[in-house]
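**Student:** got a structure for you, letters missing:
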């Protein structure tokens, strides 16, 4: 099934052969398939851990922070996930009730609680998301240095191409 319109008048094909155009569409189709696979794997991880997307983002951030020896507060979670303090409280309560996170006293601020991911949740994340990242790293490591630089240049161009333009750009 073709997901990209090959006859769009918005595509500049000047100086390209038909083979070049087809090759570009194969790259875009490969990216679409990778995005679909990544979404499916992420959804499977969320179902396995019984968490929603905001919960997973918060847990990933807490695990990264804990690995760096940093403390995590509810404000850090709100900033990472982009939610209000009331929504953050609900998220934390859900994670605590689910056995994913514990509240611990802040070592220097009695008014603040810190959050820590439980060992069982850290292990589950390691076994799901960690393995996913290891497989991705392996795929990247199979490229030579020149190929990796080409991929970096390509992905940077894709990020720039997907930046909101015109009416979609933030004011």
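**Tutor:** Noted; the coordinates are in hand. All values derive from a computational prediction rather than experimental measurement.
**Student:** shaky segments in the chain?
**Tutor:** 1-7, 49, 166-171 (pLDDT under 70).
**Student:** Which helix or strand lies directly C-terminal to the helix or strand where residue 93 lies?
**Tutor:** Assessed by DSSP states H and E, residue 93 sits inside helix 85-97. Using DSSP H and E, the helix or strand that follows helix 85-97 in sequence is strand 101-105.
**Student:** ok now do residue 53, which residues does it touch?
**Tutor:** residue 46 (CB atoms under 8 Å, 6 or more residues apart in numbering). Every residue, glycine included, has its C-beta placed from N, CA and C.
**Student:** Return the distance of it relative to residue 136.
**Tutor:** 19 Å (CB to CB, to the nearest Å).
**Student:** quick revisit: against which helices or strands is the helix holding residue 93 packed?
**Tutor:** helix 53-67, helix 74-81, strand 101-105 (3 or more CB pairs under 8 Å, 6 or more residues apart in numbering; DSSP states H and E).
**Student:** How about residues contacting it?
**Tutor:** The contact list for helix 85-97 (CB under 8 Å, 6+ apart) reads 51, 54-55, 58-59, 74-75, 77-78, 81, 83, 101-103, 115.
**Student:** The top helix by length along the chain to helix 53-67, inter-axis angle?
**Tutor:** Ranked by number of residues, the top helix in the chain under DSSP state H is helix 18-49. For helix 18-49 against helix 53-67, the angle by axes from the mean of the first three to the mean of the last three CA atoms, to 10 degrees is 80 degrees.
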